[in-house]
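**Q** Structure, please.
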Amino acid sequence: MKTFLLSAAVIGGLIFQQAATAQAPATTTTATKPAATVKWIPLNVAAMGKDLELDRSGIALISRINETYNKEYAAMDKPTADQVGALTKRRDTELQKVLTKEQYTKWLTVRDAEAAAVPAVPKTTRKDAAKQ
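**A** Okay, the predicted model is just below:
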């Protein structure tokens, strides 16, 4: 009799477990994906001037571009990756107009290396970026 009750309990538990698993709602992988990392890296004007051998007028132009886009980024409330990407693209387009092809290519190499090493910029420091 004890064996019968024990067997019935085990079978009942297995049936209940199987039913609970079958009724579990399906989850999608998109719901568990982390939010995209948003990175904004202000231009390092001094390093660009040195690395790209810019004259004073070139440094002034780069500084003006940096200031303009840092202010625009600082004004964003909870920027998305798309917004930061579009802002970066517009800034890069302006840089292409100021730099030679060789300078721009060299700067892209340096920028990509720096971007890989820098964590996402917290919102509190975006305001500080505008001051640079």
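
**Q** phi, psi of residue 43?
**A** phi -70, psi 140 (degrees, to the nearest 10).

**Q** ok, it - how many residues close by?
**A** For residue 43, the number of neighbouring residues by other CB atoms under 10 Å comes to 19. (Each C-beta comes from the backbone N, C-alpha and C, glycine too.)

**Q** which residues sit in contact with it?
**A** Neighbour list for residue 43: 62, 65, 66, 91 [criterion: CB atoms under 8 Å, 6 or more residues apart in numbering].

**Q** Would you quantify the distance from the first one to residue 99?
**A** In this structure, residue 62 and residue 99 are separated by 8 Å, where distance is defined by CB to CB, to the nearest Å.

**Q** So those two - more neighbours on which side?
**A** The neighbour comparison of residue 62 against residue 99 (other CB under 10 Å) goes to residue 62, with 23 against 20.

**Q** how far away is the more buried one from residue 46?
**A** Residue 62 is 10 Å from residue 46, where distance means CB to CB.

**Q** same question, residue 87
**A** From residue 87 over to residue 46 the distance is 22 Å, taken as CB to CB.

**Q** what about the two, which has more around it?
**A** Set side by side, residue 87 and residue 46 show more neighbours around residue 87, with 17 against 11, by other CB under 10 Å.

**Q** okay but that one is in contact with residue 40, surely?
**A** Yes: taking CB atoms under 8 Å as the definition, residue 87 is a contact partner of residue 40 at 7.4 Å.

**Q** ok so, going back, Serialize the contacts of residue 43 to JSON lines and add fields for distance to residue 105.
**A** Below are the contacts of residue 43 laid out as JSON lines (distance: CB to CB, whole Å):
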{"residue": "62", "distance to residue 105": "16"}
{"residue": "65", "distance to residue 105": "18"}
{"residue": "66", "distance to residue 105": "19"}
{"residue": "91", "distance to residue 105": "16"}
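
**Q** what do residue 87 and residue 40 both touch?
**A** Contacts common to residue 87 and residue 40, judged by CB under 8 Å, 6+ apart, are 73, 79.

**Q** picking that back up, in helices, which of the contacts of residue 43 fall?
**A** Using DSSP state H, the subset of these located in helices is 62, 65, 66, 91.
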